[in-house]
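Participant: Sequence and predicted structure below; questions after.
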Amino acid sequence: MKRKSKKSFDVELNLVPFIDLLSVCICFLLLTAVWMQFGTFNTSQAMGTQGADTKKNPPALWVEFENNGSITMMLKKDNKTTQKSIIPAVGKHANFARIDAVAMKMKSATPDLNIALILPAAHSPYEDVVTVMDRLKKQKFLDIGISPL
């Protein structure tokens with residue numbers, strides 16, 4: 001007794017998950033392509049025996065956050081600190097009114113001061129760093145940068 005069994009070779013593939021995966025990949029590709037334009041900047045590097053640019057560094061305001069919440073503001077001209085002010089914290093946050101006053105005083109003493117560099121500490125509140133950046137921008141500092149930890 002032989003059984004003749006006929007197996008059907010008709011197979012239906014569910015293509016919906018495959019199409020979902022492709023659509024996610026296409027969206028990821030489009031989004032990363034857009035963000036690649038924002039992640040580039042121009043730099044120059046000395047070649048061979050040429051030295052770095054011999055221009056003098058412009059004056060810059062350095063705002064250094066300390067772990068205890070205080071802030072040290074320094075005016076640097078030609079890699080030398082000319083003015084220094086330590087501003088103690090008020091509670092858990094920086095004393096923003098005092099920061100404004102010191103920055104205004106340093107800016108009025110040095111009219112070509114347009115650069116500010118912020119040096120956060122490991123435990124600096126993100127809110128304080130952004131607020132200091134915003135206040136410096138309002139005082140007409142054109143170039144504001146943050147140093148990585």
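Facilitator: The structure has been received and is ready for your questions. Just so it is clear, the model here is predicted, and its values are computed rather than measured.

Participant: In space, what's closest to residue 70 - neighbours in sequence excluded?
Facilitator: Sequence neighbours aside, residue 88 is the residue nearest to residue 70 in space, at 4.8 Å (criterion: C-beta to C-beta, 6 or more residues apart in numbering). C-beta here means a position set from N, CA and C on the backbone, and glycine is covered the same way.

Participant: Report the contact partners of the one you found.
Facilitator: Each residue near residue 88 by C-beta atoms under 8 Å, 6 or more residues apart in numbering is listed here: 69-70, 95.

Participant: Of those - the most surrounded one?
Facilitator: Among the contacts of residue 88, the one with the most neighbours (other C-beta atoms under 10 Å) is residue 69, at 20 neighbours.

Participant: would it count as being in a helix?
Facilitator: No: assigned with DSSP: H, G, I helix; E, B strand; the rest coil, residue 69 falls outside any helix and is coil.

Participant: Contact partners for it?
Facilitator: Contact partners of residue 69, counting by C-beta under 8 Å, 6+ apart, are 88-89, 92-94.

Participant: Please report how far residue 146 lies from residue 109.
Facilitator: Going from residue 146 to residue 109 by C-beta to C-beta, to the nearest Å gives 24 Å.

Participant: if you count what's nearby, which of the two comes out ahead?
Facilitator: Neighbour count, other C-beta under 10 Å: between residue 146 and residue 109, residue 146 has more, with 15 against 12.

Participant: Give me the three-state assignment for the nearest residue to that one once chain neighbours are set aside.
Facilitator: Distances taken as C-beta to C-beta, 6+ apart place residue 118 nearest to residue 146, at 4.8 Å, with adjacent residues excluded. Put simply, residue 118 is strand when judged by three-state DSSP.
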